[in-house]
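Colleague: predicted coordinates and the sequence they were generated for:
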Amino acid sequence: MLKLLRFLQPFRGSVLLVFGLVFLQTLADLSLPTLMARIVDRGVVGGDVGYIVGIGGLMLLVAGVGVACSVAASFLAAKTAMAFGRSLRSTVFARVENFSLNEFDTIGTATLIVRTTNDITQVQQVLFLMLRLLTMAPMMLIGGVIMAVSLDASLALILLVAVPVLVLAIALIQSRAIPLFRQMQLRLDRLNQVLREGLMGIRVIRAFNRSGYEQRRFAEANRELTEVSIRVNKLMAVMMPLVMVVMNFTTIGIIWFGGIRIDQGVMPVGALMAFLQYAMWIMFSLIMGSVILSFIPRASVSAGRINEVLEKEPSISDPQQSQPAGPKRGEVEFREVSFCYPGAELPALCEISFRAGPGEVTAIIGGTGSGKTTLVNLILRFHDVSAGQVLVDGVDVRAMAQEALRAKIGYVPQQTVLFSGTIAQNLRYGKANASEEEIRRAAATAQALEFISGLEQGFETVVAQGGKNLSGGQKQRLAIARALVRRPEIYIFDDSFSALDFKTDARLRRALRGETSTATVFMVAQRVSNVIEADRIIVLDNGRMAAMGRHRELMNCCPVYREIVRSQLAEEELA
């Protein structure tokens, strides 16, 4: 929790002002019982109406100042806590955006969402309580003790008995509650995970008739959270009656012994009333502090999870002195490249070497798990090579700034990702300032213009989250158009034609030839028909390059490629 307080540095002026306002409010609240004692002892007992009116007016003024300070402190504390949460969320999001795929796989996407939302909200709420109430509690406690002792030091001895008893009772309850609060936060995280999986995978769940199983999973996670919450609430429910018992016995003791001192003429009646009020303030400050402290364990768990994200160093980062690209444009070279995923026993790629230049189409084909997607991900520097070099325009990608590297690349991922917004906004994701003519041309090349024109609102049609209101083929064509709008030096199509029918596929590939004629094109494919005309076909087999060449060459010399072709094409097409 303390590590996150560095994010309060920009708001330290507001924090100090909140402390000042809380201090003034506390002074105002503590002065009211003394003023009331003076009214009783001098005004009421002496029958001085003018004195009662004068001190009563002063009490109204002091109370007004206290109210004004309270409102201002609450406003500033809330504003500071919200600004702190906003700053922390932005920092966490920016940090996550810099993570490599390895960090996403290690931490998990679902928990990153929970940490950026629920966990930061927990810390934000506790910060507000600390600024507003936890600062007030010790001020009220110390001030109440000072004022009570100043009124009657002998009677204050009762507090030496009552306060330790109250502190012990609260500490006993909190020692049992704090571990449960930690459990509650973890159970809430588990519930969020199950809920997210159930909502995101609803189609698979229904397709496999696993709704009952998922309901049982959710019910189990919900039951675990409920059980912990009930146990915590039972403990907290015990605290208030216990505190009230201590406070009531303290009140009885003060009135009993105070009455004796009044009878002896040592203590005025008004002073006893003020002393009783200060004793209640002392007790209340302890209760207030203990209640706020009960929220801190939950926030500390959340803070730890947030710190884990902030302190995790990305495995891929820009060099201190980034190297600009060379004079070549779009040339990609692999030099003895090997790559192994963290924790894997065998490398995903082993000793891959080739060169691809502008105007060339390099196709990558192989069986499932042969390393096709991994290979193109190394060009984008989603991962760093374990050995060897990947060069773009003659420069090692590790020596280039990631932004400069990826600005050269138009990428169409294996799993199509569209964002909520209009079709035009999705296409401009590749180039923010693209003109209407540019996006229409890209859509036409990607064979998407026909279905876009058939929509009622055309390019202004709203795309649902994840493109749920579009078919798989439509989403793929929009993803291809998004890359074409960018007009990059290097195109990477990662199995980007799998959802297209053969007729659309053929038209699209013909259109792409003219559009990408001056660029370097990488095409990861499952269909042999997509790679037959490629200038270079790389055949991968268990992470190794089985062969490289054109279609006819590979048919003669590569058994792996021949097997792939035979599995897809009819015998008459081979002849």
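Modeller: Thanks, I have it. Numbering: from 1, shown residues only.
Colleague: now do the strands in the stretch 351-500 of the chain.
Modeller: Using DSSP state E, counting those that start in this stretch, the strands of the stretch 351-500 of the chain run over 361-366, 387-392, 395-396, 409-412, 421-422, 462-463, 490-494.
Colleague: mind checking which of those strands is nearest residue 71?
Modeller: Proximity to residue 71 (C-beta to C-beta) singles out strand 421-422 among those, at 41.2 Å. Every residue, glycine included, has its C-beta placed from N, CA and C.
Colleague: longest helix in the chain, please.
Modeller: Ranked by residue count and defined by DSSP state H, the top helix of the chain is helix 211-263.
Colleague: what's that one packed up against?
Modeller: For helix 211-263, the elements it packs on are helix 157-200, helix 269-311, judged by 3 or more C-beta pairs under 8 Å, 6 or more residues apart in numbering; DSSP states H and E.
Colleague: in a markdown table: the ones you listed, plus mean neighbour count.
Modeller: Formatted as a markdown table, these follow (neighbours: other C-beta atoms under 10 Å):
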| stretch | mean neighbour count |
| --- | --- |
| helix 157-200 | 17 |
| helix 269-311 | 20 |
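Colleague: where does the chain have low pLDDT?
Modeller: Scanning the chain for pLDDT under 70 picks out 1-2, 326-328, 569-575.
Colleague: show me the domain layout of it.
Modeller: Listed domain ranges for the chain are 12-311, 332-574 (source: automatic domain parsing).
Colleague: could you dump the strands of the stretch 351-500 of the chain to TSV with distance to residue 183?
Modeller: Output for these, formatted as TSV (distance: least, C-beta to C-beta, whole Å):
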stretch	distance to residue 183
strand 361-366	48
strand 387-392	45
strand 395-396	49
strand 409-412	43
strand 421-422	41
strand 462-463	41
strand 490-494	43
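Colleague: nearest to residue 211, of those strands?
Modeller: Of these, nearest to residue 211 by C-beta to C-beta is strand 462-463, at 28.1 Å.
Colleague: now for that closest one, which elements pack on it?
Modeller: Where contact means 3+ C-beta pairs under 8 Å, 6+ apart, strand 462-463 is packed against strand 421-422.
Colleague: and the strand it packs on, what does it pack against?
Modeller: strand 462-463.
Colleague: who does the strand it packs on pair up with?
Modeller: strand 421-422 (antiparallel) (DSSP bridges).
Colleague: just how off-centre is the partner strand within its chain?
Modeller: 24 Å (C-alpha atoms, centre = their mean, to the nearest Å).
Colleague: about what we covered before: residue 317 is nearest to which of the domains of the chain?
Modeller: Nearest of the domains of the chain to residue 317, taken as C-beta to C-beta: domain 12-311 at 7.4 Å.
Colleague: chain center to that closest one, what's the gap?
Modeller: Put simply, domain 12-311 sits 26 Å off its chain's centre (C-alpha atoms, centre = their mean).
Colleague: what's the span of that domain from first residue to last?
Modeller: Distance across domain 12-311, first residue to last, is 23 Å (C-alpha to C-alpha, to the nearest Å).
Colleague: can you lay out the strands of the stretch 351-500 of the chain as a markdown table showing distance to residue 205 and mean neighbour count?
Modeller: Conversion of the strands of the stretch 351-500 of the chain to a markdown table gives the following (distance: least, C-beta to C-beta, whole Å; neighbours: other C-beta atoms under 10 Å):
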| stretch | distance to residue 205 | mean neighbour count |
| --- | --- | --- |
| strand 361-366 | 32 | 24 |
| strand 387-392 | 40 | 20 |
| strand 395-396 | 45 | 18 |
| strand 409-412 | 29 | 23 |
| strand 421-422 | 28 | 14 |
| strand 462-463 | 24 | 16 |
| strand 490-494 | 28 | 25 |
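Colleague: of all those, which one comes closest to residue 324?
Modeller: Across those, closest to residue 324 is strand 395-396 (C-beta to C-beta), at 7.6 Å.
Colleague: and the closest one, which strands flank it?
Modeller: Strand 395-396 is paired, per DSSP bridges, with strand 387-392 (antiparallel).
Colleague: measure how the strand it pairs with sits relative to strand 490-494, angle-wise.
Modeller: If you take axes from the mean of the first three to the mean of the last three C-alpha atoms, to 10 degrees, strand 387-392 sits at 120 degrees to strand 490-494.
Colleague: which residues touch strand 387-392?
Modeller: Strand 387-392 has contacts (C-beta atoms under 8 Å, 6 or more residues apart in numbering) with 325, 331-339, 351-353, 378-379, 381, 396-397, 400, 405, 408, 490.
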